[in-house]
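Engineer: everything below, folded, please.
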Amino acid sequence: MQRCPWVPEDKPLYVEYHDTEWGVPSRDAGHLFEMICLEGAQAGLSWWTVLQKRERYREVFHQFDPEKMARMTDRQLEKLLEDPGIIRHRGKVLAFRQNARAWLELDDPVEWLWSFVGGEPIVKRPRSMGDYAATSAESDAMSKALRKAGFNFVGSTTLYAFMQAVGMVDEHSRDCFKGS
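Structural biologist: Okay, here's the model as predicted:
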């Protein structure tokens, strides 16, 4: 079975992520919020690093319940900086709480996020690794709007990866069984 060229076939967790989640349109608020947080944690790192730590993130961040995350104390967040099960970057850990607070201020975050792509997935079929985009006009606009709404670690590259992950951009390669 042919997959996108970025999928390491020797990493079953990565293969499962690609085959069952990446690029599948999601309108689940919980999933969208989780992915904004995790993509922010990934900034500057490999997605593989985050994927391996995803379950621990779910444990320590209340299954990405934004109401519980918004109430986390400085002390709780500082304690997490000692946890090797997550990425121990102070700014990224603090951003999870800040992003939860900003998320709760949005009237309808699902529809609002999807509005950046006109409500429907943008479909692209790259031929090679060099054909994959890193940003788009849509991710630029989403980044600017999320920053204005109070979110952190939401640069355009991070948000383009988010848009791919949650199916706002369906960018499975032409040769991938998911892109056929």
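
Engineer: all contacts plus neighbour counts: C-alpha atoms, from now on.
Structural biologist: Will do.

Engineer: ends of stretch 101-118, how far apart?
Structural biologist: Chord length of stretch 101-118, first to last residue, is 25 Å (CA to CA, to the nearest Å).

Engineer: so what secondary structure elements neighbour the longest helix along the chain?
Structural biologist: Ordering each helix of the chain by length in residues (DSSP state H) puts helix 90-105 first. The contact analysis (3 or more CA pairs under 8 Å, 6 or more residues apart in numbering; DSSP states H and E) places helix 90-105 against helix 29-42, helix 66-70, helix 74-80.

Engineer: next SSE after it?
Structural biologist: Next helix or strand after helix 90-105 toward the C-terminus (DSSP states H and E): helix 109-115.

Engineer: who's in contact with that following helix?
Structural biologist: The contact list for helix 109-115, computed with CA atoms under 8 Å, 6 or more residues apart in numbering, reads 27-29, 32, 103, 119-120, 142, 168.

Engineer: and these, which is closest to residue 84?
Structural biologist: residue 32 (24.7 Å; CA to CA).

Engineer: looks like that closest one contacts residue 168 (just checking).
Structural biologist: No. Using CA atoms under 8 Å, residue 32 is not in contact with residue 168, being 10.6 Å away.

Engineer: these two: which is more packed in?
Structural biologist: The residue with more neighbours, out of residue 32 and residue 168, is residue 168; 27 against 20, by other CA atoms under 10 Å.

Engineer: grab the nearest non-local neighbour of the more buried one.
Structural biologist: Distances taken as CA to CA, 6 or more residues apart in numbering put residue 121 closest to residue 168, at 4.4 Å, once the chain neighbours are dropped.

Engineer: the one you found: what's it in contact with?
Structural biologist: Residue 121 neighbours (CA under 8 Å, 6+ apart): 25, 167-170.

Engineer: can you flag which of the residues you listed belong to strands?
Structural biologist: The members of these that map onto strands under DSSP state E are 169-170.

Engineer: including distance to residue 47 and pLDDT, could the contacts of residue 121 go into JSON lines?
Structural biologist: Converted to JSON lines, the contacts of residue 121 look like this (distance: CA to CA, whole Å; pLDDT from 0 to 100):
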{"residue": "25", "distance to residue 47": "19", "pLDDT": "98"}
{"residue": "167", "distance to residue 47": "16", "pLDDT": "98"}
{"residue": "168", "distance to residue 47": "18", "pLDDT": "98"}
{"residue": "169", "distance to residue 47": "17", "pLDDT": "97"}
{"residue": "170", "distance to residue 47": "18", "pLDDT": "96"}
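
Engineer: residue 37 contacts residue 96, doesn't it?
Structural biologist: Yes. Judged on CA under 8 Å, residue 37 makes contact with residue 96 at a distance of 6.0 Å.
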